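Asker: please work out how this folds:
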Amino acid sequence: MRDQLTKHRKANAILQKLKPDKKKWIILVEGKSDRIFYGKFVLQEKVQVSSCDGCKNLLEIAEVLEERKIENFIGILDSDFRRLDNEEINDPKIFHTDYHDIEISILESRALQDVLNKYINEDRFSAYETSINQSFLKRVYELSSHLGYLKWANKIDNLGLVFKPERPEGKRLKFNKFIDERTLEYISDEALINYMIQYSNNRDTNVSTRDEIINSYETRKNVEDVDQKQLCNGHDMCQIISLSLKKVIGSNNVSVDTIEENLIFAYDSIAFKESNLHTELKAWEVENTQLFI
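Answerer: Just a heads-up that it's a prediction; the model follows:
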């Protein structure tokens, strides 16, 4: 009963923002950064982008709007692990990002290099790519994939691990616990798992045993042909970029929030129009005789 009341209160809060203009369409998104991102590409006079504070809330609010016969809305979700697990939501009003989250789409665009150019030491950056014999972005994917596999294992096997603070101002993950900030080398699976167990303790969750976590993690890592763009979390990759800028490819203490904000503003409409998400939204507009992007 309490959950039902909460769902309706959240839906009411979003509908309240629309008054007195009830003709606007609502685009439900997961978080604040998503609201800023999609707000760049919509017709402001026709659309309100509303953040729902997470996937679960978005789906619950969409359910309430459907129950009330309110039809002027769609939702855009981060794909997360849904494509890897064949769990995409089959609802004509719910859309998914091309990759794990919208940040991965941004990192795959020209926006990444534009932002890096503001902060890197060009000589260090060039020397680093030469030393690893691959692109910087590919190395960031590799480093992020270890945490991605652990998050995937946590989702599949309910390991009880926690990967973010209870409140936005809380203690975030310290990536230098499992990535050497002097060399940008992955330390070890043991360092990662030990740290995540420590971080998750005393967080009102039942953490599985170390052996159970290791077994689940290794099972995920043994899955063949995993698309890193579906596995890796864009926020994690931005954390690694922030870490790299301190010593490896620069000498700047640039916060992950600053990096993410810069990436959002550097991503342009040309890149967005090349995405599958944009294609799907435009097809939906034609089918429903609406225009909002």
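
Asker: centroid residue for the protein?
Answerer: The residue lying closest to the centre of the chain (Cα atoms, centre = their mean) is Asp101, at 3.8 Å.

Asker: is it true that that one touches Asp80?
Answerer: Yes. If you go by Cβ atoms under 8 Å, Asp101 and Asp80 touch, sitting 7.2 Å apart. Where C-beta positions appear, they are placed from N, C-alpha and C, glycine not excepted.

Asker: list the contacts of Val254.
Answerer: Tyr119, Ser242, Leu245 (Cβ atoms under 8 Å, 6 or more residues apart in numbering).

Asker: read off the pLDDT value for it.
Answerer: On pLDDT, Val254 comes in at 96.

Asker: and the residue nearest to it when sequence neighbours are not counted, what does it touch?
Answerer: Ranked by Cβ to Cβ, 6 or more residues apart in numbering and with sequence neighbours excluded, the top spatial neighbour of Val254 is Leu245, at 5.0 Å. Leu245 makes contact with Tyr119, Ile120, Ser251, Asn252, Asn253, Val254, according to Cβ under 8 Å, 6+ apart.

Asker: give me that answer again for 7 Å
Answerer: Contacts for Leu245 (Cβ atoms under 7 Å, 6 or more residues apart in numbering) come out as Tyr119, Asn252, Val254.

Asker: that one belongs to a helix?
Answerer: Yes. Judged by DSSP: H, G, I helix; E, B strand; the rest coil, Leu245 forms part of a helix.

Asker: ok, back up a step: how close does the closest residue to the residue nearest to the centre of the chain other than its chain neighbours get to Asp91?
Answerer: Excluding the flanking residues, the one nearest Asp101 by Cβ to Cβ, 6+ apart is Asp78, at 4.0 Å. From Asp78 across to Asp91, the span is 15 Å (Cβ to Cβ, to the nearest Å).

Asker: equivalent analysis for Asp225, please.
Answerer: Counting by Cβ to Cβ, the gap from Asp225 to Asp91 is 28 Å.

Asker: which residue ranges of the chain form strands?
Answerer: Using DSSP state E, the strands of the chain run over 25-29, 47-51, 73-77, 94-96, 179-180, 185-186.

Asker: CSV for those, including mean neighbour count, distance to Gly234 and mean pLDDT?
Answerer: Converted to CSV, those look like this (neighbours: other Cβ atoms under 10 Å; distance: least, Cβ to Cβ, whole Å; pLDDT from 0 to 100):
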stretch, mean neighbour count, distance to Gly234, mean pLDDT
strand 25-29, 22, 14, 94
strand 47-51, 20, 17, 93
strand 73-77, 22, 14, 96
strand 94-96, 18, 14, 98
strand 179-180, 18, 17, 98
strand 185-186, 16, 19, 98
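
Asker: closest one to Asp236 among those strands?
Answerer: strand 179-180 (10.5 Å; Cβ to Cβ).

Asker: returning to what we had before: now render the strands of the chain as CSV, adding distance to Asp268.
Answerer: Putting these into CSV (distance: least, Cβ to Cβ, whole Å) gives the following:
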stretch, distance to Asp268
strand 25-29, 19
strand 47-51, 18
strand 73-77, 18
strand 94-96, 20
strand 179-180, 30
strand 185-186, 33
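
Asker: do you know which of these lies nearest Lys221?
Answerer: The closest of the strands of the chain to Lys221 is strand 185-186. By Cβ to Cβ, the value is 12.7 Å.

Asker: and for that closest one, what's in contact with it?
Answerer: For strand 185-186, the external contacting residues (Cβ under 7 Å, 6+ apart) are Leu143, His146, Phe178, Ile179.

Asker: again, only using 10 Å
Answerer: By Cβ atoms under 10 Å, 6 or more residues apart in numbering, the residues outside strand 185-186 that reach it are 132, 139, 142-147, 178-180, 192, 248.

Asker: I'm done for today, thanks for sticking with me.
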